[in-house]
Structure formats: C-alpha cells, structure tokens
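**Student:** following is a predicted model, sequence given first.
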Amino acid sequence: MDQTSVSNRKYVHRLLSKNASTDEILIITSYDYFLQKYDLKLLRGIYREIILVPHTADDDYLINYTVRPLLDKFEKVHLVTNPHYDKRNKVIYELVIRKNKSIRITTVYDFCEKNLKKVYIPDDISELNPNITDMPAFGKRVRYPKKIIDVSVSIILFTLTLPLWILSYFRIKFQSPGPVFYYQERVGMDNKSFKCIKFRSMALDAESNGATFSKKNDSRTFSYGSFMRMSRIDELPQIINIFKRDLSLIGPRPERQVFTETFDELIPYYNSRHAIKPGITGYAQVMYSYGAGVFDARHKLMYDLYYIKNWSLYLELKIILLTAVVIFGKRGR
C-alpha cells in the first residue's frame, strides 16, 4: 500500500511508492506548489521515491541532512530544476556526482509540459518561463476543425437537450420568480466583452453585495438552481453564444472583467489565455477540481496555456469525453 511520509517536516517532503515502474528517484527543487493530487498519483506510478524540496533560506542543512542520506538508496536520479534557484540546483548536482550516481536534469518548464501536460506558471510574478512566448490566435489549421466541431456538436446537443430547456424554464419560474435566462458580461477573445447566457440558478439579489466567485453548495442558489449547477444544465444556453461566435465549445473558461483585471496583475502570462475564444468547457475545467481565487486561477491557467500551445484534434475530442465524465459523474464546478 502506498504511503506518504515526511522527513523533517520543516524542510523536505518524501513520497514513497511500491508500484513504481523504475528505481529512479525524482527530486523537484521548486517544491510542490504546481502539483496536485492527479500529478502526484501519476508520478508515484513512475518513480520509486519523490523528494519535494521547499523554498528555504537554510539550503545547507536541507541538502546535507535531508537530501544527502536519501541518495544512498538509488543509483539513478532525475533532478527537476528551476533556474530561478540556480545555487540550490548546483549544490544538489555536485552532491549526486560525488556519489557517482547517474543523473538526468530537466527544467521545471519542460517537466511540466512533457510529463504533466500543463504549462508551468511561476509562483513569482518576476519569474519568467522561457517556454512561453506570445500566444497567437489559432490559425486556419485549427479554426476550421474547431468550427466544424462547435457547430455540429452544438446542433446535436441542442436537439437532444430541448426537453431540458422546457423543463428548466418551468422549474425556474416556479421556484424563483423572475427572468429564466441570466446575462452576464464576460471577457472573450482579445479581451473583448460579450454577454454570456445561462439559465438563472441564483436568486435575483445574489450579488447585492458585489461580485463574488460562485462556490460549491452556494447558499445563493435555489433548489433547482443547485441541481442545474451540479449537472451543468445551467450552461446549456451558452450554445446560443456559440452560434453568435462569442464562444467555442472548448476553450478557457470566460471570466468577468473584475476578476481578470486582478488575475492579470498577480499571475504571470494570464492575459495569454485571451488569444483564443473562451469555451463552454475546457482542459482546465476537466483537469482541475473546483476552485476560485488567485491560487486556483494560476493552476487552471497552466492547463489553458497547454491547450493553446499543444492543440490537436485528439486533445479536443479528449476534453469532450472528459466533460461527459464530469457531468455524468456529477462533479460540479
């Protein structure tokens, strides 16, 4: 049975695995802020042991009394480095060489894209990722197949869900008097605003105290509204946005300007997600659990930028299938 142990909790975290496919040890020197449970599960199926090295001013103690003893058990070391902390990387590298171990070195930027299928977004606004350049809008090679998928899937989806539109209309009217549809200004491609259409799931005074992120078990929703949010029925009217060319089926989730302005100041490369049309669903939505705020927005951006940089028909269809799994598994956002 897999177990997680902590060696000197103040300094280094160790993850042990019995089901690893190699005897290699993985050392990550940028700590684990960019990792989530899915990533760790994936890595523990590959590496016998994982060492996550936190940011600390006491590198000498960290290396000599916590990392050094762990190296004696392994002949192969995979060191994932962050050039932003070059001194630490050099010390670990020299330590491994002195012990005559086999070592391969990968930057955290390459490691995230190749192994975790997401783009590393620095925790520090001053840190740059050399793998990220300006994100161009999709060219014809991408736009045309996406448009075919958008239109064909939207027509099929509207036809199949028409009874839900009718049911939702009457249930909303019965439980919460007021308009059935909710129009909210969102930021789209090239930072242009558009009116996002949804079935109303909250009371009319839901934002009387100002704009806030929605959350699980949101007290502002009425009974059927909660069900719509959990099953994503409330998103169905966004099919109209696809026909209006505001949205694509797959893309970064469109956010409100009051939030994007904050994220743009605090999260490196955040504005790059606006190089393409936002989507009803997307890679970030199916790969990252529910969350709100700067921390979660940074993690979701890692997936959004990977989607933009590495678009393929396979990835597009994979997201559609994973979205179905999320919906039928009732994993609300």
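**Tutor:** Sure thing, it's come through.

**Student:** residues contacting the nearest residue to residue 51 once chain neighbours are set aside?
**Tutor:** Counting by Cβ to Cβ, 6 or more residues apart in numbering, residue 27 is the residue found nearest to residue 51 once chain neighbours are left out, at 4.7 Å. Heads up, the C-betas are built off the backbone N, CA and C, glycines and all. By Cβ atoms under 8 Å, 6 or more residues apart in numbering, the contact set of residue 27 is 50-51, 53, 67, 77-80, 92.

**Student:** ditto for residue 316
**Tutor:** Listed by Cβ under 8 Å, 6+ apart, the contact partners of residue 316 are 145-146, 149, 250.

**Student:** any chance of those in a markdown table, plus distance to residue 43?
**Tutor:** Converted to a markdown table, the contacts of residue 316 look like this (distance: Cβ to Cβ, whole Å):
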| residue | distance to residue 43 |
| --- | --- |
| 145 | 33 |
| 146 | 32 |
| 149 | 32 |
| 250 | 27 |
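
**Student:** most surrounded residue in the residues you listed?
**Tutor:** Highest neighbour count within the contacts of residue 316: residue 250, with 28 neighbours (other Cβ atoms under 10 Å).

**Student:** got a list of what it touches?
**Tutor:** Per Cβ under 8 Å, 6+ apart, neighbours of residue 250: 146, 149, 279-283, 307, 316, 319-320.

**Student:** next step: those restricted to strands.
**Tutor:** Among the contacts of residue 250, the members found in strands (DSSP state E) are 279-281.

**Student:** buried subset of the residues you listed, written for PyMOL?
**Tutor:** Of the ones in strands among the contacts of residue 250, the buried ones can be selected in PyMOL as follows, counting by 16 or more other Cβ atoms under 10 Å:
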select buried, resi 279+280+281
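
**Student:** could I get the ones in strands among the contacts of residue 250 as TSV with pLDDT?
**Tutor:** Converted to TSV, the ones in strands among the contacts of residue 250 look like this (pLDDT from 0 to 100):
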residue	pLDDT
279	97
280	95
281	94
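
**Student:** so what's the residue count around residue 23?
**Tutor:** Neighbour count for residue 23, taken as other Cβ under 10 Å: 12.

**Student:** do I have it right that it meets residue 73?
**Tutor:** No: the pair residue 23 and residue 73 does not pass the contact test of Cβ atoms under 8 Å, sitting 9.0 Å apart.

**Student:** state the distance from the closest residue in space to residue 178 that isn't next to it in sequence to residue 246.
**Tutor:** Nearest residue to residue 178, sequence neighbours excluded (Cβ to Cβ, 6+ apart): residue 204, at 4.9 Å. In this view, residue 204 and residue 246 are 24 Å apart by Cβ to Cβ, to the nearest Å.

**Student:** try residue 123
**Tutor:** Taken as Cβ to Cβ, the span from residue 123 to residue 246 is 33 Å.

**Student:** the two: who's more crowded?
**Tutor:** Ranked by neighbour count (other Cβ under 10 Å), residue 123 and residue 246 place residue 246 first, with 21 against 17.

**Student:** in space, what's closest to that one - neighbours in sequence excluded?
**Tutor:** If the residues on either side of it in the chain are set aside, residue 246 comes closest to residue 194, at 4.1 Å by Cβ to Cβ, 6+ apart.

**Student:** doesn't the one you found belong to a strand?
**Tutor:** Yes: the assignment for residue 194 by DSSP: H, G, I helix; E, B strand; the rest coil puts it in a strand.

**Student:** I figured it hits residue 242, correct?
**Tutor:** No: using Cβ under 8 Å, residue 194 makes no contact with residue 242, being 11.5 Å away.
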